[in-house]
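Asker: Sequence plus the predicted model coming up.
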Amino acid sequence: MKFYIASKFEKSENVKEVQQRLTEEGHQIIVDWTQQKISLTTPKRDRADNIYIIGELREDSLFYFHQDVERRDDIGEVLAEL
């Protein structure tokens, strides 16, 4: 499965850990923005198999409520579904 992991820049170390875990499980990271100084990339439905938001639900972003987004508490829940 293909993944794009989005997060705040200050949480890039957490993103790297999630990316590593997904890669070890045989999945593909479509964009690794942690290697860049600035990210102008957003997930696109035609490039990602599923779009997940992991962690606490925030109401300040409409993206959290997009019809294609699936919300889970942690990466373990996502991996269990794959």
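Answerer: In hand now; what should we look at? As the structure is a computational prediction, the values presented were derived from the model and not from experiment.
Asker: which regions of this structure sit below the pLDDT cut-off?
Answerer: Applying pLDDT under 70 to the chain flags residues 36-48, 57-58, 60-61.
Asker: Now do the helices in it.
Answerer: Assigned by DSSP state H, the chain shows helices spanning 12-24, 75-81.
Asker: Flag every buried residue along the first one.
Answerer: Of all the residues in helix 12-24, those buried under the rule 16 or more other C-beta atoms under 10 Å are 12, 14-15, 18-19, 22. For every residue, glycine as well, the C-beta is placed using N, CA and C.
Asker: can the helices of the chain go into a markdown table with extra columns for distance to F65?
Answerer: Formatted as a markdown table, these follow (distance: least, C-beta to C-beta, whole Å):
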| stretch | distance to F65 |
| --- | --- |
| helix 12-24 | 22 |
| helix 75-81 | 19 |
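Asker: nearest to M1, of these?
Answerer: helix 12-24 (8.3 Å; C-beta to C-beta).
Asker: Let me see the residues that make contact with the closest one.
Answerer: 3, 5, 7, 29, 32, 34, 54, 75, 79 (C-beta atoms under 8 Å, 6 or more residues apart in numbering).
Asker: which residues touch the last one?
Answerer: Meaning L79. 21-22, 25.
Asker: again, but for the third one
Answerer: Shown here is S7, whose contacts under the criterion C-beta under 8 Å, 6+ apart are 14-15.
Asker: what are the phi and psi values for it?
Answerer: Backbone torsions for S7, taken as degrees, to the nearest 10, come to phi -170, psi 170.
Asker: Give me the number of neighbouring residues for V78.
Answerer: For V78, the number of neighbouring residues by other C-beta atoms under 10 Å comes to 21.
Asker: distance of it from Y52?
Answerer: 5 Å (C-beta to C-beta, to the nearest Å).
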